[in-house]
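**Student:** this one's sequence-less:
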């Protein structure tokens, strides 16, 4: 006897506007800012590398079925370079489109932490 388990995880949820063209790509971007550390050689507090994460969720049927796909990428960012993620965003979206075999009709982007 074989048991198969399907696990579906949704990392966020929102009401999808009825007129949003499908498939829709939802992109979340955030950065973990590593705390500054004291460097005994320079006798100064130094910025450590941080981690940027980009998460993509593709909805193909307007939420009317379980047609969701996920793709993520993480990037090392040097201290002080956490804000400029244009190239990383372009790479992640391109990889997601290729690997998930999707051409989104709509893209919604959330970028946490930018005032």
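**Tutor:** Done, it's in. Owing to the predicted nature of the structure, the values given are computational and were not obtained by experimental measurement.
**Student:** ranges for the helices of the chain?
**Tutor:** Listed in chain order, the helices of the chain (DSSP state H) span 86-100.
**Student:** poorly predicted segments of it, please.
**Tutor:** Within the chain, the segments meeting pLDDT under 70 span 1-13, 62-66, 80-83, 113-115.
**Student:** one more pass at 50, please.
**Tutor:** Segments of the chain classed as low confidence (criterion: pLDDT under 50) are 1-2, 115.
**Student:** for this structure, which segments count as strands?
**Tutor:** Residue ranges of the strands in the chain, as given by DSSP state E, are 24-32, 37-39, 44-46, 50-59, 68-77, 106-111.
**Student:** who does the fourth one pair up with?
**Tutor:** Read that as strand 50-59. Here strand 50-59 has these sheet partners by DSSP bridges: strand 24-32 (antiparallel), strand 68-77 (antiparallel).
**Student:** looking at those, which is nearest to residue 15?
**Tutor:** strand 24-32 (12.1 Å; C-beta to C-beta). For every residue, glycine as well, the C-beta is placed using N, CA and C.
**Student:** got the angle for the closest one vs helix 86-100?
**Tutor:** Relative orientation of strand 24-32 with respect to helix 86-100: 140 degrees, computed using axes from the mean of the first three to the mean of the last three C-alpha atoms, to 10 degrees.
**Student:** how about strand 24-32: buried residues?
**Tutor:** Within strand 24-32, the residues that count as buried by 16 or more other C-beta atoms under 10 Å are 24, 25, 26, 27, 28, 29, 30, 31.
**Student:** likewise for stretch 98-113?
**Tutor:** If you call a residue buried by 16+ other C-beta under 10 Å, then stretch 98-113 has these buried ones: 100, 102, 104, 108.
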